[in-house]
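Visitor: Requesting a structural model of the entry that follows:
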Amino acid sequence: MRLYPNRILRKKAARASRRDAEELYGKLVAEMINYEGIGLAAPQVGIDKSIAVISDKYFDNLDRPLLLLNPRVVKKSGSQSIEEACLSVKGVSRKIKRALQIEVETGPDDDRKIIEASGLLAIVMQHEIDHLNGIVFVDRAPFPARCWLRLKAKINKKKKESESGCD
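Guide: Got it, this is the predicted structure:
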């Protein structure tokens, strides 16, 4: 797991192909389950591809983990806030304002589809799409809270590294 402020988390992910999705889907789902996440974007595990997965465990309308391939939010409405956290931003959470309902265009270039989502699924999709665009959830917090959250995440990363013996 790449931890904030790792550079890959700040970079817009490279476009991914259908083949990339086929090769990475299982790996990303396994990593998401391993880290007990509700979603996971490829850059979080060091893969520079615009691919994310979302767990089906929390959503009745998903019969398997959802794949987002080169996703783009095309429509937003309403607003909601929820206490968000992130596998890549250790020990930090914050209430973040997101759209209540969204439409996301996703899929390979020759077969794009629109997915509609609301509530928690919309939040998770927006969170993962942010990752693919080099944005972490603390960036969505108002200033000065954003500064404090970023500092706290860096301190927590250093603690984790010193506990594991990494430099």
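Visitor: Now do the longest helix along the chain, average pLDDT.
Guide: Longest helix in the chain, counting residues (DSSP state H): helix 145-164. Per-residue pLDDT over helix 145-164 has a mean of 74.
Visitor: Same check on stretch 50-63?
Guide: In this model, stretch 50-63 has a mean pLDDT of 96.
Visitor: Report the buried residues of stretch 32-41.
Guide: By 16 or more other Cβ atoms under 10 Å, the buried positions in stretch 32-41 come out as Met32, Gly37, Ile38, Gly39, Leu40, Ala41. C-betas here are computed from N, CA, C, even on glycine.
Visitor: Out of these, which two sit at the greatest distance?
Guide: Ile38 and Ala41 (11.9 Å; Cβ to Cβ).
Visitor: In this protein, where is pLDDT below threshold?
Guide: For the chain, residues meeting the criterion pLDDT under 70 lie at 146, 164-167.
Visitor: quick one: the longest strand seen in it to helix 145-164, angle?
Guide: Identified as the longest strand of the chain according to DSSP state E is strand 89-98. Comparing the axes of strand 89-98 and helix 145-164 via axes from the mean of the first three to the mean of the last three Cα atoms, to 10 degrees yields an angle of 160 degrees.
Visitor: buried residues in the helix or strand just after strand 89-98?
Guide: Moving toward the C-terminus from strand 89-98, the next helix or strand (DSSP states H and E) is strand 101-106. Neighbour-count burial for strand 101-106 flags Ile102, Glu103, Val104, Thr106 (criterion: 16+ other Cβ under 10 Å).
Visitor: Tabulate these (CSV), appending distance to Glu84.
Guide: Output for the buried residues of strand 101-106, formatted as CSV (distance: Cβ to Cβ, whole Å):
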residue, distance to Glu84
Ile102, 15
Glu103, 21
Val104, 18
Thr106, 21
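Visitor: Next, give me the two most distant ones among those.
Guide: Longest span within the buried residues of strand 101-106, Cβ to Cβ: Ile102 and Thr106, 11.4 Å.
Visitor: what about the spatially closest residue to Leu69 that is not a sequence neighbour, how many neighbours?
Guide: Ranked by Cβ to Cβ, 6 or more residues apart in numbering and with sequence neighbours excluded, the top spatial neighbour of Leu69 is Ala21, at 4.9 Å. When counting by other Cβ atoms under 10 Å, one arrives at 21 neighbours for Ala21.
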